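Colleague: okay, predicted coordinates and the sequence, questions at the end:
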Amino acid sequence: MGKKIILTGDRPTGRLHIGHYVGSLRRRVELQNSGEFDKIFIMIADAQALTDNADNPEKVRQNIIEVALDYMSAGLDPEKSTLFIQSQVSELTELDFFYQNLVTVQRLQRNPTVKQEIKLRGYSDDTEGTDNKAGTPVGFFCYPISQAADITAFKATTVPVGEDQEPMIEQTREIVRKFNSVYGPTLVEPEILLPDNAACLRLPGTDGKAKMSKSLGNCIYLSDSAEEVWAKVKSMYTDPGHLQVSDPGKVEGNTVFTYLDAFCKPEHFEKFASCFVGKKVSFEFHSLDEVKAQYRAGGLGDMMIKNFLNAVLNDILEPMRTRRHELEQNIPYVYEVLRKGSEVARAAAAETLADVKRAMRINYFDEGVLEELIKEQTEKYQG
């Protein structure tokens, strides 16, 4: 049996939000603590972040520490997982370069994630334009190839990500199969691990829009204070037809209930029973299904369910806030974790790069290879 290895990570373009948490971060912590994996590599993908932030590298630089703090406050343990910075592992760039010859432009253009991200960031096909959104940077367009380099460098067998990344992982598998068919068995083909809660596949923004996004300002961050969380929960999109408390309400498409599907646990109903006690009405719920049934029937106000959601979110976030505050008091330690992790990651990637060069027969100066080349060419020209 081969080793079971995880590779995953995030772009450091801002603090991590609860969409990251339910989409992948919570699962990473569970997998880390499961004892089922031999190695776990967690990457802060600063090089990939620079592909569409090349004009603002300081944004990426400053957010590396934000992401690291969020990682460790959420439960990623440097003793169990290798936390590293992508740009500090130069071997990834070499692998990316070699893989570029195994993918066509047409295949990249068909990648739905690439198309969606290009649209989301506002890049235009109008290359005659004057703003920095005229045309798509090559590095950003080739993001799937870079991701394939990251995954294969660590011989990852499992990649826990959100469902929007499925096309990217499939492209990695295609590159692995192509490389192995041309140069012989060398690279490991990874499997994707999706969130097991359907509500976590893609958590909508607080405004009800399809995606929680920093640029849209519809995020609840892991580091938000209790006051900030409550302000955002109060403003959340619910059912526009639920005008009166007595009106029947819709659960489907109701952002508050989508969040409860993602975060609510059975024990929360007893712990926060007071959220459903008002001046004129009182409810006793034991499950989210009961709450949904009452909302659909009418009589349950939006503010009650928002109060409950707020209590649930803060119950989850408060331990992270406490841990983050502790880490913020020892920033040198956080950077030392990243430095050591980057050294470990570079050593692992170097082994894969050596395997790749050996398979491609471009390892000219390896021990034994140079001697054989000299002998072969000497016989050719002097024999």
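Modeller: Right, received. Where do you want to start?
Colleague: count of residues packed around residue 148?
Modeller: Around residue 148 there are 27 other residues, counting by other Cβ atoms under 10 Å. For every residue, glycine as well, the C-beta is placed using N, CA and C.
Colleague: for it, give me the pLDDT.
Modeller: Per-residue confidence (pLDDT) for residue 148: 97.
Colleague: next, give phi and psi for it.
Modeller: The phi/psi pair for residue 148 (degrees, to the nearest 10) reads phi -60, psi -40.
Colleague: so residue 70 is in which element?
Modeller: Following DSSP states H and E, one finds residue 70 within helix 57-74.
Colleague: any idea of the mean pLDDT for that helix?
Modeller: Mean per-residue pLDDT for helix 57-74: 97.
Colleague: which SSE is immediately downstream of it?
Modeller: Next element after helix 57-74 (DSSP H and E): strand 82-85.
Colleague: residue ranges of the helices in the stretch 201-350 of the chain, please?
Modeller: Using DSSP state H, counting those that start in this stretch, the helices assigned to the stretch 201-350 of the chain run over residues 226-234, 255-263, 267-271, 288-297, 302-328, 331-360.
Colleague: and the ones you listed: which comes nearest residue 84?
Modeller: Checking those against residue 84 by Cβ to Cβ gives helix 331-360 as the closest, at 3.9 Å.
Colleague: how many neighbouring residues does residue 169 have?
Modeller: For residue 169, the neighbour count with other Cβ under 10 Å is 22.
Colleague: need the helices of the stretch 201-350 of the chain in CSV (columns: mean pLDDT, distance to residue 183 and mean neighbour count).
Modeller: CSV is the format used below for these (pLDDT from 0 to 100; distance: least, Cβ to Cβ, whole Å; neighbours: other Cβ atoms under 10 Å):
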stretch, mean pLDDT, distance to residue 183, mean neighbour count
helix 226-234, 96, 51, 16
helix 255-263, 94, 43, 21
helix 267-271, 96, 53, 14
helix 288-297, 96, 52, 16
helix 302-328, 97, 44, 18
helix 331-360, 98, 4, 17
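Colleague: which stretch among those comes nearest residue 46?
Modeller: Distance to residue 46, taken as Cβ to Cβ, is lowest for helix 331-360 among the helices of the stretch 201-350 of the chain, at 10.6 Å.
Colleague: dump the helix or strand just after that closest one to CSV, restricted to CA.
Modeller: Of the helices and strands lying after helix 331-360 in sequence (DSSP H and E), the nearest is helix 369-382. What follows is the C-alpha trace of helix 369-382 in CSV, where atoms were taken according to Å, rounded to 0.1, in the frame of the first residue of the first chain:
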residue,chain,number,x,y,z
VAL,A,369,24.3,9.2,-16.1
LEU,A,370,27.1,11.6,-17.1
GLU,A,371,29.6,8.8,-17.4
GLU,A,372,27.2,6.8,-19.6
LEU,A,373,26.6,9.9,-21.8
ILE,A,374,30.3,10.6,-22.2
LYS,A,375,31.0,7.0,-23.1
GLU,A,376,28.1,7.0,-25.6
GLN,A,377,29.1,10.2,-27.3
THR,A,378,32.8,9.4,-27.3
GLU,A,379,32.1,6.2,-29.1
LYS,A,380,29.9,8.1,-31.5
TYR,A,381,32.4,10.7,-32.5
GLN,A,382,35.7,8.9,-32.0
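Colleague: what does helix 369-382 rub up against?
Modeller: Helix 369-382 is contacted from outside by 363, 364, using Cβ atoms under 8 Å, 6 or more residues apart in numbering.
Colleague: pLDDT averaged over it, what's the number?
Modeller: 93.
Colleague: how far off centre is that helix?
Modeller: Between the centre of helix 369-382 and the centre of its chain there are 49 Å (Cα atoms, centre = their mean, to the nearest Å).
Colleague: likewise for stretch 36-53?
Modeller: Using Cα atoms, centre = their mean, the offset of stretch 36-53 from its chain centre is 9 Å.
Colleague: same question for stretch 292-309.
Modeller: With Cα atoms, centre = their mean, you get 32 Å for stretch 292-309.
Colleague: stretch 156-164 too?
Modeller: 9 Å.
Colleague: measure it end to end?
Modeller: Distance across stretch 156-164, first residue to last, is 19 Å (Cα to Cα, to the nearest Å).
Colleague: got the buried residues for that stretch?
Modeller: Judged by neighbour count (16 or more other Cβ atoms under 10 Å), stretch 156-164 contains these buried residues: 156, 157, 158, 159, 160, 161, 162.
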